[in-house]
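A.B. asks: Build me a structure from this.
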Amino acid sequence: TDIPRIQKAGLLPTAGHIQHFSDALEQYGLGGTDSSNLGSMLDLFGDMAKTRGDFFICRQNEMKGISAWVDEIPLPLADKYTLCMAPVSLSNRWAQRALSNFARKYAAGEAPGLGRNTIPRPAKSYDHLTSLCHLHNELELFLWLSLRFPANFVEQQTALTLKERAIEYINEGLAKTSELKLSHCYINRDKKLRKKWEQTAPPEEANEEFGDNDDDSEDFDEEIDDVKSYMVN
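C.D. replies: Numbering: from 1, shown residues only. Model (predicted):
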């Protein structure tokens with residue numbers, strides 16, 4: 001089988017590149033912004049970087065989004081950049097909380113540890129199955145961070161054990177989906193959303209048909225996608 005030729009390739013600067021770029025801006029009085037602000041440095045780097053037609057700077061939007069979570073934390077620019085490389089989704093509020101908590105503890109000189117609600121349990125409902133998937137995400141993120149910011153070996157081993165247990169419970173839940181409870185009521189949800197819309201929307205918009213593209217339905221779609229992504233044969 002012929003392998004199609006790659007048309008373009010993405011380039012990603014290292015933490016060292018960004019640090020040298022920041023130092024150069026500060027040395028020559030360029031940029032006109034705080035050189036410790038990673039989001040600003042990424043914006044400037046993206047604007048000033050020159051690439052050939054078959055190359056491009058990748059992951060810019062994702063990294064700038066994550067930088068907003070950690071830029072207020074007193075950490076070196078290189079550490080902030082490493083945090084922005086973490087395997088998280090910008091729409092995952094659980095991952096955002098876990099990443100921010102880890103960064104704050106690390107910046108304070110404390111040993112980042114696992115939260116109190118990280119013990120996986122067998123799924124009894126679809127909501128619980130979704131929570132297991134989010135927990136698996138948090139544990140994987142903690143392991144990724146602990147390898148790059150080693151501070152607590154015991155917690156690292158605990159996270160590895162809990163991750164394997166979470167995978168086991170997710171697979172068990174997927175194998176018996178017909179027995180799981182569905183606690184989500186679409187009728188009550190739609191009534192509440194309709195009432196909230198009528199209270200907050202301008203009169204001309206409140207009289208329009210209420211669409212299906214509400215935040216709650218998007219969250220539910222994301223939960224279904226999360227469950228599907230953890231299906232293990």
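A.B. asks: Give me the distance between Lys192 and Leu114.
C.D. replies: According to Cβ to Cβ, to the nearest Å, Lys192 and Leu114 sit 35 Å apart. Where you see a C-beta, it was placed from the backbone N, CA and C, and this is true even at glycine.
A.B. asks: what's the answer for Ala175, then?
C.D. replies: 27 Å.
A.B. asks: neighbour-wise, which of the two wins?
C.D. replies: The neighbour comparison of Ala175 against Leu114 (other Cβ atoms under 10 Å) goes to Leu114, with 18 against 9.
A.B. asks: would you say that one is within a helix?
C.D. replies: No - the assignment for Leu114 is coil, going by DSSP: H, G, I helix; E, B strand; the rest coil, so no helix is present there.
A.B. asks: Let's verify Ser146: helix, strand, or coil?
C.D. replies: Ser146 - assigned by three-state DSSP - is helix.
A.B. asks: Could you tell me which residues make contact with it?
C.D. replies: Ser146 is in contact with 112, 152, 155-156, 159, counting by Cβ atoms under 8 Å, 6 or more residues apart in numbering.
A.B. asks: Quick one: the strands in this structure, in order.
C.D. replies: Secondary structure of the chain, counting by DSSP state E: strands at 9-11, 55-57.
A.B. asks: and the ones you listed as JSON lines, adding distance to Ile167 and mean pLDDT?
C.D. replies: JSON lines is the format used below for the strands of the chain (distance: least, Cβ to Cβ, whole Å; pLDDT from 0 to 100):
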{"stretch": "strand 9-11", "distance to Ile167": "30", "mean pLDDT": "89"}
{"stretch": "strand 55-57", "distance to Ile167": "35", "mean pLDDT": "88"}
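A.B. asks: Of those, give the one that comes closest to Glu168.
C.D. replies: Comparing those against Glu168 with Cβ to Cβ, the closest turns out to be strand 9-11 (35.6 Å).
A.B. asks: Please spell out which residues along the closest one are buried.
C.D. replies: Within strand 9-11, no residue is scored as buried using 16 or more other Cβ atoms under 10 Å.
A.B. asks: What pairs with that strand, parallel or antiparallel?
C.D. replies: With DSSP bridges as the test, strand 9-11 is paired with strand 55-57 (parallel).
A.B. asks: any idea how far the closest residue to Asp23 other than its chain neighbours lies from Phe45?
C.D. replies: Spatially, and ignoring its direct neighbours in sequence, Asp23 is nearest to Ser35 (7.6 Å; Cβ to Cβ, 6 or more residues apart in numbering). Using Cβ to Cβ, one obtains 12 Å as the distance from Ser35 to Phe45.
A.B. asks: Asp79 now?
C.D. replies: Counting by Cβ to Cβ, the gap between Asp79 and Phe45 amounts to 17 Å.
A.B. asks: again, but for Gln27
C.D. replies: 16 Å.
A.B. asks: neighbour count winner among those two?
C.D. replies: Neighbour count, other Cβ under 10 Å: between Gln27 and Phe45, Phe45 has more, with 18 against 9.
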